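> After the sequence you'll find the predicted model.
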Amino acid sequence: MLVAGFPAEAFGTNCYVVAPAPGEQCVVIDPGFGVVEQLDAVLAQHRLQPAAVLLTHGHLDHTFSVTPVCGARGITAYIHPDDGEMLADPAKGLSADLTSLFGGRFTWAEPEDVAPLQDGMILKIAGLELIVDHAPGHTRGSVMFRSEQECFTGDVLFQDSIGRTDLPGGSMAQMMASLRDKVLTLPDELVVLPGHGPHTTIGRERARNPYLREASSGAPNKGW
């Protein structure tokens, strides 16, 4: 499987392009701020044609370019229904400070074709098979996309950390349940491709990530 990832212009959000091989169809995961030109370059380099955009959750730093990417190619955007309202109104996922920062600074249009993701479904797109794991906590509709070798965790799991839970729709209790029931059940060798920061593995995070250790032990976590 071909995986090409690069950070967006803002917030260091990782955008991923995933395909069975060069010269094939592909999916685009989490096209954030200012990724269109770099995405076009990656697609041209590997001779890829996007078949869909997959969104790990509805926060603006992961969805900012979804409409131009989908609209230019007439493709579908996939998101969990619990985060669907953020595609219509991104402010629903922002804190008051972020709403003030972004308010009036850009125009927004929802993608024309939006399809729902469900826990446990197998997405068969572009010659790929990706399992969808609903893992709320960072947002109500956060999901991970999993193949046999990789897991695109969005803001559920980072190297040595997890996504914040203090934004609208966030819940530390739900996050800890997701870590226990969705992440800790995965095999150690699975490569983690997160929404921010470097890649890691489930085994490394099981051993070093303090949030996974607490989820495993059942110890309480005050959150942040």
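It's in.

> Grab the nearest non-local neighbour of D133.
Distances taken as CB to CB, 6 or more residues apart in numbering put M144 closest to D133, at 4.4 Å, once the chain neighbours are dropped. The C-beta positions use only the backbone N, C-alpha and C, and glycine is treated the same way.

> Confirm the one you found sits in a strand?
Yes. M144: assigned to a strand according to DSSP: H, G, I helix; E, B strand; the rest coil.

> List the contacts of it.
56, 132-133, 135, 151-154, 156-157, 182-183 (CB atoms under 8 Å, 6 or more residues apart in numbering).

> ok, so of the residues you listed, who is nearest G23?
For those, the residue nearest G23 by CB to CB is F152; the value is 22.0 Å.

> Quick one: neighbours of K124, just the number.
For K124, the count of nearby residues is 9 (other CB atoms under 10 Å).

> Model confidence score at it, please.
Here the pLDDT value assigned to K124 is 97.

> can you give me the helices in this protein?
Under the criterion DSSP state H, helices of the chain are mapped to 36-46, 60-63, 66-71, 85-88, 96-102, 172-178, 202-208, 210-217.

> Which of those helices has the lowest mean pLDDT?
Averaging pLDDT over each of the helices of the chain puts helix 96-102 lowest, since it has a mean of 59.

> OK, contacts around the nearest residue to P31 once chain neighbours are set aside?
Distances taken as CB to CB, 6+ apart place S65 nearest to P31, at 3.9 Å, with adjacent residues excluded. Going by CB under 8 Å, 6+ apart, S65 touches 8, 31-36, 39.

> re the thing from before, pick the most deeply packed of the helices of the chain.
Of the helices of the chain, the one with the most neighbours on average (mean count of other CB atoms under 10 Å) is helix 60-63, at a mean of 24.

> any weak-confidence spans in the protein?
Along the chain, the parts satisfying pLDDT under 70 run over 93, 95-106, 218-224.

> circling back to that earlier point, any chance of the helices of the chain in TSV, plus distance to L123?
Shown next, in TSV, are the helices of the chain (distance: least, CB to CB, whole Å):
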stretch	distance to L123
helix 36-46	20
helix 60-63	17
helix 66-71	16
helix 85-88	18
helix 96-102	30
helix 172-178	19
helix 202-208	20
helix 210-217	26
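
> if we compare the ones you listed, which one ends up closest to D119?
Among these, helix 172-178 sits nearest to D119 (CB to CB), with 10.7 Å.

> Now do the closest one: which elements does it pack against?
helix 210-217 (3 or more CB pairs under 8 Å, 6 or more residues apart in numbering; DSSP states H and E).

> All the strands of this structure, residue numbers only.
With DSSP state E as the criterion, the chain has strands at 2-7, 14-19, 25-29, 49-54, 76-79, 114-116, 122-125, 128-134, 143-146, 150-154, 191-194, 200-201.
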